[in-house]
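Enquirer: Sequence and predicted structure are below.
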Amino acid sequence: MQVDILNKEGKKTGRTIELPEEIFGVEPNNHVIYLAVKQYLAAQRQGTHKVKTRAEVKGASRKLHKQKGTGGSRKGNIRNPLYKGGGTIFGPKPHRYDIKLNRKVKDLAKISALSTKAKENSIIVLEDLNLDAPKTKQFAGILANLKVNVSGRKTLFVLPEYNDNVYLSLRNIPTVDSVMLSDINTYDIMNSNFIILTESAAKIFTEEPVEA
């Protein structure tokens, strides 16, 4: 997949990069994308929900009145779930929401997500940025030149390694998020309308794997 490398003005530099077809040109598997996104969202849940049962709420354990002879219904103690302030029946308890996915399934999900964005022409390769200082206004101007700062459209900025100036420049732009290439996940890809790869990050895809 041949992609033009753009500069900060949004114009072609005359250079191109070949992104591997085995990552950006496969037939997307929507089901594994669903599984990976489901796993990610489930892992965000704390699972700390808790209610008190009748054994845990405040109240005496004595029987309210004798079993027979009152003409009324049978009653136990005041902590009965039917009474106000009583315990909760079958309420939520703390537990984990983690879902296990095999490594190959997660890898296939990321490849499918990247291929989906490639088919939508939503992947942009930008020449490496060298910001002398954090400047949100300057970074917003770059996004405007790339025509990705459309209202309500999300952009994922992918870097090969952490860059303090870039991070500080974009963190106040609500529709833009940054991630290192090594930390990218299926949810981040699918949750974005545009993916901007820096030239250095894109070149990592083209490197030959090192034999162990």
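Expert: Received, thanks.

Enquirer: ok, now which ones touch residue 36?
Expert: The contact partners of residue 36, by CB atoms under 8 Å, 6 or more residues apart in numbering, come to 101, 105, 106, 109, 110, 113, 185, 186, 187. (Glycine included, C-beta is placed from N, CA and C.)

Enquirer: Adding pLDDT and secondary structure, write those residues out as JSON lines.
Expert: Formatted as JSON lines, those follow (pLDDT from 0 to 100; DSSP: H, G, I helix; E, B strand; the rest coil):
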{"residue": "101", "pLDDT": "95", "secondary structure": "coil"}
{"residue": "105", "pLDDT": "96", "secondary structure": "helix"}
{"residue": "106", "pLDDT": "95", "secondary structure": "helix"}
{"residue": "109", "pLDDT": "96", "secondary structure": "helix"}
{"residue": "110", "pLDDT": "95", "secondary structure": "helix"}
{"residue": "113", "pLDDT": "96", "secondary structure": "helix"}
{"residue": "185", "pLDDT": "93", "secondary structure": "coil"}
{"residue": "186", "pLDDT": "95", "secondary structure": "helix"}
{"residue": "187", "pLDDT": "96", "secondary structure": "helix"}
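
Enquirer: ok, of those residues, which one's closest to residue 120?
Expert: Nearest to residue 120 out of the contacts of residue 36 is residue 113 (CB to CB; 11.0 Å).

Enquirer: so where do the strands sit in this structure?
Expert: 2-6, 12-18, 123-126, 155-159, 176-180, 194-198 (DSSP state E).

Enquirer: Pass me the low-pLDDT residue ranges in the protein, would you?
Expert: 208-212 (pLDDT under 70).

Enquirer: please redo it, this time with the cut-off set to 50
Expert: For the chain, residues meeting the criterion pLDDT under 50 lie at 210-212.

Enquirer: Output stretch 98-109 in PDB with nothing but the alpha carbons.
Expert: What follows is stretch 98-109, C-alpha atoms only, in PDB (Å, rounded to 0.1, in the frame of the first residue of the first chain):
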ATOM      1  CA  ASP A  98     -11.700  -9.300  32.400                       C
ATOM      2  CA  ILE A  99     -12.100 -11.300  29.200                       C
ATOM      3  CA  LYS A 100      -9.200 -13.500  28.000                       C
ATOM      4  CA  LEU A 101      -8.200 -13.300  24.400                       C
ATOM      5  CA  ASN A 102      -5.400 -15.200  22.700                       C
ATOM      6  CA  ARG A 103      -2.500 -13.200  21.500                       C
ATOM      7  CA  LYS A 104      -3.100 -14.200  17.900                       C
ATOM      8  CA  VAL A 105      -6.700 -13.100  18.100                       C
ATOM      9  CA  LYS A 106      -5.700  -9.700  19.400                       C
ATOM     10  CA  ASP A 107      -3.000  -9.300  16.700                       C
ATOM     11  CA  LEU A 108      -5.600 -10.200  14.000                       C
ATOM     12  CA  ALA A 109      -8.000  -7.600  15.500                       C
END
